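Could you work out the structure for the sequence below:
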Amino acid sequence: MMTGDTSPDERRVLLDRWAADKIDLMVATSAFGLGIDKSDVRTVIHAQLPETVDRFYQDVGRAGRDGCASISLLVNTRYDWRAVGGIGRPKFISAAFGLQRWRRMHDASEVLDPASNQRLIDLNTGRELDMGASDYNRAWNLRTLQLLQRVGALEFVHSARAVTACQVAVRLEAYRHLDEDFWNTTIEQLRGELRGDYAHSGELLRRMLRDNDECLANVFASCYRSETFDITAVQACGGCPACRRAGRVPDCGRIIARRNPSGPVSPSAGDVELERLLGGRRSAFIFYPPDFFHDALGGILAEPLWWLATHGVKNFVAPPWLTPLLWRTAAQAPHATLFWHEKPPRNLDVVAAQATAVLLTRPEPSWWPEFWAKIATRPGPSIVFAPADLRCPDVRTRMVRDLVDGSTMDLAQWENRFVA
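The predicted model follows:
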């Protein structure tokens, strides 16, 4: 058995015996899983509710890492909610008390670099307020600093002067961080958002436990998805209870593009047939009959998308209602690792330098005018499928096909040239 009170030496012995398969069952608190990577765990049993969906997802992710089937069993009672409320409830310092603590820390801090406003903070400061020289005092001081970091008032930095665990170096960013109005507005707004996040976390737990037809992957995606920071989540389900009851087959999900390139990506189309389609230009427009909608549109575009995926196109931009009709077909292309977007990748995205297929439908999406204006300067080639009577967003009296600075053809012409 392993808990937070287990000594480092005892923990090491237990982990070594477990890794060597000399222990079949490990009983532990949630801290046990940190940094553990044993590939053949077959069962994860929760004896009570985890504090959040995120914690549950991380815990069950310890099982089946070798690709073999595994079991997750959650044994909970209605009394567990009381423990969840105590363990998972975030602790927020009030604006008045936080300002008081921050003024004490600021006044007692050591200036490291006046030019960049870097200071060395002692977390033991303010012990006379209510808690003495205790871990609680240091924890509340650290929470105060973290609130200021979350609103952009300071940034934690590295400094060789911070030689103990009670010292942290920061760089001050906001000049109003000592003002009461700043704490009563900006900090209070953040505290309200964090309370909302906690309430959302509780609702996700309840959704996960409801006996209904919602796929657990949808709950997990709701936990990690963020509109504020433009974070999407891939939904994949190997057969949760809801999907088994509904007869839904396992689904590996759609791969969504990652950001922050680690290295340059060649902007070349990279495929002979794709280069022939582009005709030496930066873009190609393929026009489909304007009277095709919804399922019919998915039917006529499935083959050209499969062809593009086969010839190296990785990015596909399509409206949400059309994507499910297309991605399964495109994913059947050999060695297809595809990225699906609701709008074209930005120029700073690693995938933006690769070839992108864009599916335009009616009504025209909000990003279309900007995409049309910058299509010639995008880092990667673009293959655009559009209705034949599509008009230019900047000159509504002219057809797109008359003003395209690139290769153009009808869908039937593409079929004759590249498929027949």
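
From here on, just use CA atoms for contacts and neighbour counts.
Fine.

Tell me where the stretch 151-300 of the chain has strands.
Using DSSP state E, counting those that start in this stretch, the strands of the stretch 151-300 of the chain run over residues 154-157, 167-172, 283-288.

Figure out which of those is closest to Val27.
strand 167-172 (35.5 Å; C-alpha to C-alpha).

what's the offset of that closest one from the middle of its chain?
28 Å (C-alpha atoms, centre = their mean, to the nearest Å).

what lines up beside it in the sheet?
strand 118-122 (antiparallel), strand 154-157 (antiparallel) (DSSP bridges).

Show residues contacting the last one.
When contacts are defined by C-alpha atoms under 8 Å, 6 or more residues apart in numbering, strand 154-157 is touched by residues 145, 148-149, 168-174.

Widest-spaced pair of those residues?
Spanning the widest gap among the contacts of strand 154-157 are Val168 and Ala174, at 18.0 Å by C-alpha to C-alpha.

what about those two, which has more around it?
Val168 (20 against 13; other C-alpha atoms under 10 Å).

For the spatially closest residue to that one that is not a sequence neighbour, give me its contacts.
Spatially, and ignoring its direct neighbours in sequence, Val168 is nearest to Ile121 (5.3 Å; C-alpha to C-alpha, 6 or more residues apart in numbering). Going by C-alpha under 8 Å, 6+ apart, Ile121 touches 105-106, 108-110, 167-170.

Go again with 10 Å.
With contact taken as C-alpha atoms under 10 Å, 6 or more residues apart in numbering, Ile121 is in contact with 102, 105-111, 141-142, 145, 162, 166-170.

low-scoring stretches of this structure, by residue?
Flagging of the chain using pLDDT under 70 yields the residue ranges 30-36, 84-91, 127-133, 227-232, 252-270, 327-337, 347-353, 420.

coming back round to it: ranking the strands paired with strand 167-172 by burial, who's on top?
strand 118-122 (a mean of 22; mean count of other C-alpha atoms under 10 Å).

Alpha carbons of that one, in PDB - could you do that?
The C-alpha atoms that make up strand 118-122 are tabulated as PDB, following Å, rounded to 0.1, in the frame of the first residue of the first chain:
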ATOM      1  CA  GLN A 118      12.700  41.400 -10.900                       C
ATOM      2  CA  ARG A 119      12.300  40.700  -7.200                       C
ATOM      3  CA  LEU A 120      13.100  37.900  -4.800                       C
ATOM      4  CA  ILE A 121      10.000  36.900  -2.600                       C
ATOM      5  CA  ASP A 122      10.200  35.200   0.700                       C
END
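
quick one: Ser109 and Ala169 touch, right?
Yes. Counting by C-alpha atoms under 10 Å, Ser109 does reach Ala169; the two are 9.5 Å apart.

so what's in contact with those two at the same time?
118-122.

Just the buried ones out of the contacts of strand 154-157, please.
Buried subset of those (neighbour count, 16 or more other C-alpha atoms under 10 Å): 145, 148-149, 168-173.

nearest to Asp54, of those residues?
Distances from Asp54 to these, taken by C-alpha to C-alpha, are shortest for Gln149, at 22.8 Å.

Leaving out chain neighbours, which residue sits closest to that closest one?
Glu155 (5.7 Å).

Give the bridge partners for the one you found, please.
With beta bridges defined as DSSP bridges, Glu155 has these partners: Arg171.

Please report the distance of it from Glu173.
For Glu155, the distance to Glu173 equals 7 Å [C-alpha to C-alpha, to the nearest Å].

Give me the common contacts of these two.
The contact sets of Glu155 and Glu173 overlap at 118, 148-149 (C-alpha under 10 Å, 6+ apart).

and of these, the nearest to Val219?
Val219 has its nearest neighbour among these in Gln149, at 29.1 Å by C-alpha to C-alpha.

Quick one: list the elements packing against the helix or strand that contains the closest one.
Per DSSP states H and E, Gln149 falls inside helix 135-150. In terms of contacts (3 or more C-alpha pairs under 10 Å, 6 or more residues apart in numbering; DSSP states H and E), helix 135-150 is packed against helix 95-108, strand 118-122, strand 154-157, strand 167-172, helix 188-209.

let's see it at 7 Å
Packing partners of helix 135-150 (3 or more C-alpha pairs under 7 Å, 6 or more residues apart in numbering; DSSP states H and E): helix 95-108.

now the helix it packs on: how far from the chain's centre is it?
Relative to the centre of its chain, helix 95-108 is centred 34 Å away, using C-alpha atoms, centre = their mean.

Please list the residues outside that helix that contact it.
121-122, 125-126, 141, 144, 178, 183-184, 187-188 (C-alpha atoms under 7 Å, 6 or more residues apart in numbering).

so after that helix, what's the next helix or strand?
Later in the chain than helix 95-108, the nearest helix or strand by DSSP H and E is strand 110-113.

May I have the beta-bridge partners of Asp251?
Counting by DSSP bridges, Asp251 is bridged to Cys237.

isn't it right next to Cys237, touching?
Yes. With contacts counted by C-alpha atoms under 7 Å, Asp251 reaches Cys237, the gap being 5.2 Å.

So these two - more neighbours on which side?
Using other C-alpha under 10 Å as the criterion, Asp251 and Cys237 rank with Cys237 on top: 16 against 12.

number of nearby residues for the closest residue to Leu74 other than its chain neighbours?
Sequence neighbours aside, His46 is the residue nearest to Leu74 in space, at 4.8 Å (criterion: C-alpha to C-alpha, 6+ apart). In terms of burial, His46 registers 18 neighbours under the definition other C-alpha under 10 Å.
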